[in-house]
Every structure is written in structure tokens, then in C-alpha cells.
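Participant: Here is a sequence with its predicted model. Questions after.
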Amino acid sequence: MKAARPNPLDQRLELNAERLIVAHGLIPRESTLLVGVSGGPDSIALLDFLAGYRERSGIPAGKLVAGHVNHGLRGTESEEDASFVERAAEQLGVRCLSTRVLPGLRQRERRESKEAAARVVRYEALRKMAEEVGADRVAVAHTADDQAETVLLRLIRGAGLTGLSGMLPVRKLHGLYLVRPLLTTTREQVLDYLKRRALAHRLDSSNLVPDARRNFLRLEILPRIREAMNPSISQSLVREAALFREADAYLTVEARRILPSLVRASDSGKIELDAAGMLHYPELLRKYLFRCVLQELNGDILEFSTAHIDALHSLLTSHAGRSADIPLGIQARRGRETLVLRKREAEPERAESPSKT
């Protein structure tokens, strides 16, 4: 049975999500899909939509599983979120896994931002849930508004073309595919969907405090830009991200084509590069080569800014013996003819075993 086709004149969540699913093959029929559900409006809308999409598409019920990660950072409020998600999944006939992350998160915060630490721990917990249910991908509820905020945050931080490309509809991270069916859906369309479907949701009280960088942009900066400069700033940022993504994709493909010829040795957590060989290429392409190496070592490059890439490039053009430490435990050292990048072992994070409902 084919999925029902929404009215093309109807710019609702359903239309945007189904278009994105079809265009990028986000939800294969034969694979189990784990849905990350926090209990907030975006993730509740996503879970409800996917449950309906599953039925319209004839996908077996067991192929859709909800996963909730409780960071325990808001006390009773966090526990209530977990209970709410379990009830919401039960009402939809969807199996739910829930896990509570232990305080190891606070240890990570000493080395990383709170937001970055929470993301790493959350995705690791979701990865373990996905393994338990045999899923090779996790659906998360990032929206077009999240995309606009991400692009602006990375522009402020100095993330280069890769960062300015924004989030991708499907992306491999630490051996797991993340899919984002709502990436072209606005927050306004999400709220409209919840209203039409009469869906309850939870609100994270920390999202209402303009102290975190993203919340500051969301609550203070973007509203002022909309009012004084560009009412469609979010759409503009999303369009620019698409242009950056085209350029970034081309340079990434070219760097990956070249990289094997420049790797002198590769071992677990260590890559040795031919420094002289890299200098034969334009500076922009060299920096993309470094991005590819960092991704090989870390599995992700979002926490590396342009400044970190520039630091590696300066080693490439300097004398032997110089070294540099960059985030996430990666060290680079310039040899006589090589540049060696090595990742130190990180302390493992622990999470409680998922509970089932």
C-alpha cells in the first residue's frame, strides 16, 4: 500500500516530511527505525507523523520504536518527561525504550560545552538502543528553524563551508545513520500539526531561559532581525545553507579522492600524512583534507572550527617538532616529512540499561 499523497497546495508538516522522505530515502521499509523522542513539540509531532506514515505505507508495526534519553538535569521535570513519552508511545502502539544517563555527563562538561556534551551522550545512548532493536538509523526532530539557528551559530563561531552547510537530511555518525524528516518543516507548521491532531507535549523550562547560545539566538537575536531587517531570515539562512552545501560536497569528494595518496600510515587513532605532498594542493583543498582526517579520527567534525583547521594548516607550513592540541583529545605533530594526527583515548560514558514499555 502506497502512502497517501497530501494535497500539493497544502504546506503542512505531512507534505514537507513525505517529500523529504521520498527524496532522500530516509525510511526504508525493510529496516527498523528508532525515533528519538524528548517529549517536546517537535519530537512528539515526528513520532505521531511517523506512526501514521507507517500505517499508510504498510510498514510492519514492529519496525518503528521510540527512544527517550533522560539526562536527569531537571529533577522531577525530567522524570515526568520520560513517563510522558512512554504514555505517548503506548497510545500510538509503538514500543518505547527509555534510558537514564548517569552523571558522567558532568565530567564531559569540563572538556566540552554543556550542549556538546549532552549531544554526545544522547547520541551514544540512542546508538545503544538502536543496536538493541536492530535499527541502523535514528530519526530526530530537527526542523527548518533549527537549521537556521545552526547555520547562524556556526557562522558566529567560524565553522567554514562545512559548518555553514547546516544539517543534512541523512548523515552517518559513529556508525549510525541520523535521519531528519522535519528538516524542511518550520516550527510554526509543527505547532499547527499538534493543534490539528490535538496532541499534548512537554515544554523544557530550560529552553525559556536566554542563557545558552542557541536559546539566546532563538529568543533574542532572530526575533530582532525579523522585526528590524528581514522577516524571512530563517528561510534566507536555510537557502544559503543549501548553496554552501553544494560547494562543500564538491570539495569533500575531491579531498576524499586525494587523501589515500597522502596517507603514509594509518592505525587505530592515528593518521600520518605526507606533508610535502599536501603542499602541492591549494590551501582550501588542504583544509578539506584535514577535515576528512579529523572525521576519520573522531567520527564527527562539528566541534572543530575554522580556527582549529587553521592551526593544523600552520603546522603543515612550519618546521619539524612543532605540535598542537585541538578539541576532543586530538594532537598533531609536525615531523621532518610528515604531519601526524593522533587521538587520545577518552573515558567511556556509561548509561543505565534501557527500560522497556
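Facilitator: Structure's in. What do you need? Numbering: from 1, shown residues only.
Participant: what's the helix or strand for the residue nearest to E240 when sequence neighbours are not counted?
Facilitator: In this structure, E240 finds its nearest non-sequential neighbour in V151, 6.9 Å apart by C-beta to C-beta, 6 or more residues apart in numbering. No exception for glycine: its C-beta is placed from N, CA and C like everyone else's. Assigned by DSSP states H and E, V151 belongs to helix 144-157.
Participant: follow-up on the earlier one: got the contact list for the residue nearest to E240?
Facilitator: Counting by C-beta atoms under 8 Å, 6 or more residues apart in numbering, V151 touches L164, G166, L237, V238, E240, A241.
Participant: Y53 now?
Facilitator: A3, A17, E18, I21, I27, I59.
Participant: one step back: give me the distance between the following helix or strand past the helix holding V151 and the centre of its chain.
Facilitator: In the C-terminal direction, the helix or strand that comes right after helix 144-157 (DSSP H and E) is helix 160-164. In this view, helix 160-164 has its centroid 14 Å away from the chain centroid, taken as C-alpha atoms, centre = their mean, to the nearest Å.
Participant: ok, back up a step: if we go by neighbour counts, what in the helix holding V151 is buried?
Facilitator: Across helix 144-157, burial judged by 16 or more other C-beta atoms under 10 Å covers A144, D145, D146, Q147, A148, E149, T150, V151, L152, L153, R154.
Participant: of all the residues you listed, which comes closest to L47?
Facilitator: Lowest distance from L47 to the buried residues of helix 144-157 (C-beta to C-beta) belongs to D146, with 16.7 Å.
Participant: if you average pLDDT over the helix holding V151, what comes out?
Facilitator: Helix 144-157 comes out with an average pLDDT of 91.
Participant: Put the alpha carbons of that helix into CSV.
Facilitator: Taking C-alpha atoms only, helix 144-157 is exported to CSV below (Å, rounded to 0.1, in the frame of the first residue of the first chain):
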residue,chain,number,x,y,z
ALA,A,144,13.9,24.2,9.4
ASP,A,145,14.1,26.7,12.3
ASP,A,146,16.7,24.5,14.0
GLN,A,147,18.6,24.6,10.7
ALA,A,148,18.5,28.4,10.5
GLU,A,149,19.8,28.6,14.1
THR,A,150,22.5,26.1,13.5
VAL,A,151,23.8,28.0,10.4
LEU,A,152,23.9,31.3,12.3
LEU,A,153,25.6,29.8,15.3
ARG,A,154,28.3,28.2,13.1
LEU,A,155,28.7,31.5,11.2
ILE,A,156,29.3,33.3,14.5
ARG,A,157,31.7,30.5,15.7
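Participant: just the helices in the stretch 51-200 of the chain please.
Facilitator: With helices called from DSSP state H, counting those that start in this stretch, the stretch 51-200 of the chain shows them at 76-91, 104-108, 114-133, 144-157, 160-164, 187-197.
Participant: between the last one and helix 144-157, how many degrees?
Facilitator: Regarding helix 187-197 and helix 144-157, their directions subtend 160 degrees when assessed with axes from the mean of the first three to the mean of the last three C-alpha atoms, to 10 degrees.
Participant: what's the spacing between the spatially closest residue to D274 that is not a sequence neighbour and E240?
Facilitator: Nearest residue to D274, sequence neighbours excluded (C-beta to C-beta, 6+ apart): L262, at 4.8 Å. The span separating L262 from E240 equals 31 Å under the rule C-beta to C-beta, to the nearest Å.
Participant: Of these two, which one has the most company?
Facilitator: L262 (22 against 16; other C-beta atoms under 10 Å).
Participant: Can I get stretch 46-53 in PDB? Just the C-alpha atoms.
Facilitator: C-alpha atoms of stretch 46-53 as PDB (Å, rounded to 0.1, in the frame of the first residue of the first chain):
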ATOM      1  CA  LEU A  46       7.600  13.500  14.500                       C
ATOM      2  CA  LEU A  47       6.600  10.300  16.400                       C
ATOM      3  CA  ASP A  48       2.900  10.800  15.600                       C
ATOM      4  CA  PHE A  49       3.600  11.600  12.000                       C
ATOM      5  CA  LEU A  50       5.800   8.500  11.500                       C
ATOM      6  CA  ALA A  51       3.200   6.300  13.200                       C
ATOM      7  CA  GLY A  52       0.700   7.500  10.600                       C
ATOM      8  CA  TYR A  53       3.200   7.200   7.800                       C
END
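Participant: Counting neighbours, which bits of that stretch end up buried?
Facilitator: In stretch 46-53, counting by 16+ other C-beta under 10 Å, buried: L46, L47, D48, F49, L50, A51, Y53.
Participant: Can you lay out those as CSV showing secondary structure and distance to K343?
Facilitator: Listed next are the buried residues of stretch 46-53 as CSV, based on DSSP: H, G, I helix; E, B strand; the rest coil; distance: C-beta to C-beta, whole Å:
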residue, secondary structure, distance to K343
L46, helix, 33
L47, helix, 35
D48, helix, 40
F49, helix, 38
L50, helix, 36
A51, helix, 40
Y53, helix, 39
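Participant: And the contacts of the helix or strand where L297 lies?
Facilitator: Element membership for L297 (DSSP H and E) is helix 283-298. Contacts to helix 283-298, defined as C-beta under 8 Å, 6+ apart, come from residues 160, 162, 251-252, 254-256, 258-259, 262, 269, 271, 273, 278-279, 281, 301, 304, 309-310, 312-313, 316, 328, 330, 341-343.
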